Each structure stands twice: as structure tokens, then as C-alpha cells.
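Undergrad: coordinates only, sequence not included:
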């Protein structure tokens with residue numbers, strides 16, 4: 001699906017990490033980008049990024065856990081920028097700890113932001129897209145929405161819920177013969193500030209499970225999905241493919257593997273720093289002049305490309321090439337098989 005003119009795009013969780021990188025990517029295309037997040041400093045910096053790359057920016061302080069705030073923001077965006085073309089749900093919160101050490105109110109907060117935030121964003125977008133029978137919603141998902149890992153029960157639960165919610169809604173849109181598009185981008189571990197501001201009760205500093213990818217890889221997948229929403233899901237990273245397929249084939253074996261490796265693989269060798277910032281209840285870039293940006297502290301090891309993303313984009317060509325190769329091999333076998 002080609003793009004002939006600037007679009008009105010909403011990115012939630014846009015002040016840092018993947019959302020920040022995605023906002024920049026849409027800005028480079030000249031889009032009108034509405035930025036939703038809680039932290040004013042990060043939002044203002046993200047807006048400057050968008051405008052520096054050629055787009056227009058509208059930063060709005062919004063807690064995605066609050067449906068009223070989300071809906072009011074959507075109304076402001078359409079008043080300022082016109083009808084919504086693309087809505088990207090990305091905002092989340094997380095807690096790194098064994099389930100028994102996560103307080104009920106903490107688990108609830110993660111669920112309200114990371115799952116219900118997507119529900120609220122989707123509802124606000126659909127309320128405006130459905131009457132026009134046009135628009136695209138991109139759900140930023142995770143391999144952890146298909147395979148849970150230890151120490152992230154609240155986040156994994158929310159991501160699983162997003163997957164089920166999206167599948168259900170997609171069926172309803174198909175039933176209605178709606179031309180509103182709904183697609184998902186399933187991501188691996190990404191180098192974002194999440195691992196410096198999420199509440200953690202682990203003894204050592206948090207890190208993504210390797211291999212780690214730069215947020216620009218995720219942003220590239222998000223913008224591509226917005227342009228080509230006919231695919232129901234885009235998988236990013238070979239680790240995502242391996243995780244999802246292994247879990248389908250041998251989930252019990254994956255359970256035991258993660259029980260053995262999952263704790264160490266999510267922690268660095270550095271001790272957890274006392275007094276580290278926590279963004280679960282309040283933004284860590286609110287009123288203190290701190291802008292966390294798109295990248296975390298893993299630039300030295302993070303990958304800047306994903307062959308799997310290319311394969312996901314070109315699955316039709318790959319399938320055609322595979323069929324052609326198989327046909328060629330069959331014909332060669334028939335020509336050269338022994339007679340008699």
C-alpha cells in the first residue's frame with residue numbers, strides 16, 4: 001500500500017525507547033505525529049526530534065491507563081491534525097521480580113498500562129476510524145506475548161492478553177467487512193531505557209534476553225506494518241521466530257530451559273543500584289529535566305538489522321522462490337532418475 005501524502009499518526013509511549021524511534025521514523029516521512037506519554041521532558045524532546053526530521057509534532061501528556069485521557073487526546077489530535085490515519089499502541093510498564101514478590105497493586109498497574117492501555121487506544125482509534133471505514137491500528141507486541149518467561153509475569157500476562165484481544169477484534173472487523181486495518185509487530189529484546197527505569201527486585205541490573213536489537217529495527221517494522229497492514233503479524237528477529245516455533249513444538253522443554261537460564265539471562269553482572277528510578281507510578285522524565293531518549297545502555301552489543309524482518313516483509317517472494325526451487329529439483333530428479 002503506497003503512501004501519497006502526509007498522514008496523521010499517533011504513537012503511544014512516544015517519549016522514549018521504541019515509541020521514540022518510531023515517532024522519528026514517521027517524522028522523516030513528513031507525517032503529522034501525535035506523541036502520547038506521561039513524561040513532559042521526554043515528550044518535548046521527541047517532538048523536537050520529529051520536527052527536526054521534517055514532520056509535525058503534537059506532544060500530549062496522557063496516562064494510557066485512563067480511558068478518559070486517551071479519548072480526550074484523540075479528539076484534540078483530530079482537531080489539530082485532522083482524521084486519524086494510523087494509531088500505534090506501544091506504551092507499557094513492567095516489573096522484574098518473581099511473581100510472589102510483585103505486590104497486587106503493582107501487578108494491576110502493569111496490566112492497566114500494558115494491556116488496558118492498548119484497549120483504550122484501540123477503542124479511541126476505532127471510534128474515529130470505523131465511521132470513515134478507513135485507518136490502520138498497529139499493535140506493538142512481543143515474543144513474550146506468545147511465550148512467557150520468569151521474572152516478568154505481569155508483563156508477559158499483559159502481552160498475551162494483547163494477542164488474544166487483537167485476534168478477537170480482527171475477527172469482528174472481518175465479520176463487518178470493515179476496511180479498518182489491524183496488524184501486529186512481534187518484537188524480540190530491544191535496547192531501550194526500560195531496563196533502567198522499570199521496578200526491579202532482582203539482585204543485579206536488568207537486561208533484555210539476547211540477542212538485543214536497536215529500537216530503530218523495531219521502528220522500521222512498525223512503519224512498514226503501517227504501510228502494509230494486510231499482514232496480520234510481522235515477526236522481528238530470528239530469536240522471535242525460534243522462540244515461537246520452539247514453544248509450539250516442545251513447550252515443556254522450553255519451560256525447563258527457561259527455568260534453568262531465564263534468571264541469569266535477564267541480569268547483567270552489575271549489582272542493582274539502590275535508589276534507581278522507577279516509572280511504574282510516575283514518569284521518570286517528569287519535571288526533572290531528564291530525557292532518556294530511544295536507546296538504553298546496550299549500544300555496544302545491540303544489532304542494527306534483522307534478516308528475519310526482511311524475510312517477514314518478503315514472505316511472498318520467498319514462498320514463490322521456494323516453490324520454484326522445489327519444482328526445479330523435482331524436474332531434475334525426474335530427468336536423472338534411473339530407468340528400468
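TA: Happy to help now that I have it. Keep in mind it's a predicted model, so treat the numbers as computed, not measured.

Undergrad: and residue 86, its phi and psi?
TA: Note on residue 86: backbone dihedrals following degrees, to the nearest 10 are phi -140, psi 130.

Undergrad: for residue 149, that is, sorry about that
TA: Backbone dihedrals for residue 149, given as degrees, to the nearest 10, come out at phi -130, psi 160.

Undergrad: now swap in the one 3 residues further on and tell me
TA: For residue 152, the backbone dihedrals are phi -140, psi 50 (criterion: degrees, to the nearest 10).

Undergrad: quick check: it touching residue 142?
TA: No: because the distance of 9.8 Å does not satisfy CB atoms under 8 Å, residue 152 is recorded as not touching residue 142. Just so you know, the C-beta spots here come from the backbone N, C-alpha and C atoms, and that holds for glycine as well.

Undergrad: common neighbours of the two, please.
TA: Both residue 152 and residue 142 lack any common contacting residue under the criterion CB atoms under 8 Å, 6 or more residues apart in numbering.

Undergrad: count of neighbours near residue 83?
TA: Residue 83 is surrounded by 14 other residues when neighbours are defined as other CB atoms under 10 Å.

Undergrad: that one: what secondary structure?
TA: Taken by DSSP: H, G, I helix; E, B strand; the rest coil, the conformation at residue 83 corresponds to coil.

Undergrad: what's stretch 248-265 in contact with?
TA: 147, 149-151, 202, 209-210, 243, 246-247.

Undergrad: ugh, typo on my part, it should be stretch 65-84
TA: 8, 10, 32, 34, 36, 56, 58, 60, 62-64, 109, 112-113, 116-117, 120-121, 123-125, 127-129, 132, 134-135.

Undergrad: mind redoing it with 7 Å?
TA: The list of residues contacting stretch 65-84 from outside it, by CB atoms under 7 Å, 6 or more residues apart in numbering, reads 8, 10, 32, 34, 36, 58, 60, 62-64, 112-113, 116-117, 120-121, 124-125, 128-129, 132, 135.

Undergrad: hang on, the earlier thing: what about the contacts of stretch 248-265, which one has the most neighbours?
TA: The most crowded member of those, judged by other CB under 10 Å, is residue 151 (24 neighbours).

Undergrad: now the phi/psi pair for that residue, please.
TA: Residue 151 adopts backbone torsions of phi 80, psi 0, taken as degrees, to the nearest 10.
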